[in-house]
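In: got a predicted model here, sequence first, then my questions.
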Amino acid sequence: MHREEVKQFVLFSGLRQAVTDFGLLVKFKLTLLVLFSAVMSYAIVSGGNVTFPGMFLLTMGGFLITGAANALNQVLERDYDRMMVRTAGRPLAAGRMSVSTAVLAAGLMALAGIVMLTMLNAMAGFLGTISLISYAFVYTPMKRSTPLAVAVGAIPGALPLIIGCLAFEQSISPTAWMLFSLQFLWQFPHFWAVAWVADEDYKKAGFALLPGVDGARDKTTGYLSFWFCILLIVNAVVSWYLGYTGAVATVVLSLINIWWAWKCWKLYKTCSREAARAQMFVSFAHLPFSLIVLLLDKL
């Protein structure tokens, strides 16, 4: 291989690694899920009548703020990430990226994201800022001290749905609160199932995430998850009763929540890893399916 070819190969490899590390820094897949929720809430309240400027500002602003929050999360948890198999390869934990670079990237993304959301609506920019601060500086440090961190983290985790509604409606409507409630409640059985499956890894870093006594894998996780699924059914029925969703959508949402509740009940009865994985995999399909059903209901 000639010297010039070697230089090109090194340059290409370095660029590819930089792109990969940026994706890991912002937790690209997680950020896309959050962004999907915000965009879907915008589409739901607009009845599908989206505008390019609104969608662009919401998409870019939401991506940048979420990415900034995830980057700051990794800055604060870099020492703990090194202890866990699932996170040891992250750029800060592995030493491929400096703290100053990550903080600079997070700051620039946060600033640009807040500006874009504020161009949509001042309240959207404010809530985006609250989401960033509460996730990075409240939820993140709480994870090692109390399982209540899950409840705190569920707030910034659900705020993107309100922000999506604000992008179109310019105010926080009852539909916005309904969508916020859906994602807020969804996060508990979802995250507890993930925490159960990854419990050994989390405990290496001292994270206290499961609701059982002393964070143990016990019946508490399945039991509480089951009741949060019941609350999701209540949320769907109340939304129908108040006229925010149609009867067909309510029935479909209730059925998927009954299915999920059954998976949670099996975890309660068996306390097995297999049951926790089943509860987790249902959660992956549950949220996008529910939002699609609500969108079709509006269309």
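Out: Noted; the coordinates are in hand. Treat the numbers as computed from the prediction; the structure is a model and nothing was measured.

In: what average pLDDT does the biggest helix by length in the chain get?
Out: Of all the elements of type helix in the chain, the one with the most residues (DSSP state H) is helix 52-81. Computed over helix 52-81, the mean pLDDT rounds to 95.

In: got it, and stretch 245-263?
Out: Stretch 245-263 shows a mean pLDDT of 96 in the predicted model.

In: now swap in stretch 148-164 and tell me
Out: Taken as a whole, stretch 148-164 has a mean pLDDT of 95.

In: one more: stretch 85-102?
Out: On average, the pLDDT along stretch 85-102 is 93.

In: quick one: pLDDT of Gln16?
Out: One thing to correct before we go on: residue 16 is Arg, not Gln. In this model, Arg16 is scored at 84, pLDDT.

In: just checking, next helix/strand downstream of the longest helix of the chain?
Out: Per DSSP states H and E, helix 52-81 leads on to helix 99-120 as the next helix or strand towards the C-terminus.

In: point out the other helices and strands that the very next helix or strand once past that next one packs with.
Out: Sequence order places helix 122-134 as the next helix or strand after helix 99-120, per DSSP H and E. Helices and strands touching helix 122-134, by 3 or more Cβ pairs under 8 Å, 6 or more residues apart in numbering; DSSP states H and E, are helix 52-81, helix 99-120, helix 149-169. From N, CA and C alone the C-beta is placed, and that goes for glycine too.

In: just these: most buried one?
Out: helix 149-169 (a mean of 23; mean count of other Cβ atoms under 10 Å).

In: ok and that one relative to helix 52-81, angle-wise?
Out: Here helix 149-169 runs at an angle of 170 degrees relative to helix 52-81 (axes from the mean of the first three to the mean of the last three Cα atoms, to 10 degrees).

In: distance between the longest helix of the chain and the chain's centre?
Out: Centroid separation between helix 52-81 and its chain, computed with Cα atoms, centre = their mean, to the nearest Å, is 11 Å.

In: so what does that helix touch, helix or strand wise?
Out: Contact here means 3+ Cβ pairs under 8 Å, 6+ apart; on that basis helix 52-81 packs against helix 3-25, helix 28-46, helix 99-120, helix 122-134, helix 140-142, helix 149-169.

In: Val197 is nearest to which of the ones you listed?
Out: Each of these has some distance to Val197 by Cβ to Cβ; the shortest is helix 149-169, at 14.9 Å.

In: alpha carbons of the closest one, in CSV - could you do that?
Out: Output of helix 149-169 as CSV, limited to C-alpha atoms (Å, rounded to 0.1, in the frame of the first residue of the first chain):
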residue,chain,number,x,y,z
ALA,A,149,-34.8,8.3,40.1
VAL,A,150,-37.0,6.4,37.6
ALA,A,151,-40.0,8.6,38.5
VAL,A,152,-37.9,11.7,38.2
GLY,A,153,-36.4,10.6,34.8
ALA,A,154,-39.9,9.9,33.5
ILE,A,155,-40.7,13.6,33.5
PRO,A,156,-38.1,14.8,31.0
GLY,A,157,-38.7,11.5,29.2
ALA,A,158,-42.3,12.5,28.6
LEU,A,159,-41.9,16.2,28.1
PRO,A,160,-41.1,15.8,24.3
LEU,A,161,-44.8,14.9,23.7
ILE,A,162,-45.9,18.2,25.2
ILE,A,163,-43.3,20.0,23.2
GLY,A,164,-44.5,18.4,20.0
CYS,A,165,-48.0,19.6,20.8
LEU,A,166,-46.8,23.1,21.5
ALA,A,167,-45.1,23.2,18.1
PHE,A,168,-48.6,23.1,16.5
GLU,A,169,-51.1,24.3,19.1
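
In: compute the inter-axis angle for that helix and helix 99-120.
Out: Using the same axes, to 10 degrees, one finds that helix 149-169 and helix 99-120 are set 40 degrees apart in direction.

In: just use 765 as the starting number from now, easier for me
Out: With 765 as the first residue, the last one maps to helix 913-933.

In: buried ones in the helix or strand just after helix 913-933?
Out: Downstream of helix 913-933, the first helix or strand assigned by DSSP H and E is helix 938-961. Within helix 938-961, the residues that qualify as buried by neighbour count (16 or more other Cβ atoms under 10 Å) are 939-961.

In: hang on, Leu1006 packs against Pro938?
Out: Yes. The pair Leu1006 and Pro938 qualifies as a contact (Cβ atoms under 8 Å) at a distance of 6.8 Å.

In: domain map for this structure?
Out: Annotated domains of the chain cover 765-936, 937-1063 [automatic domain parsing].
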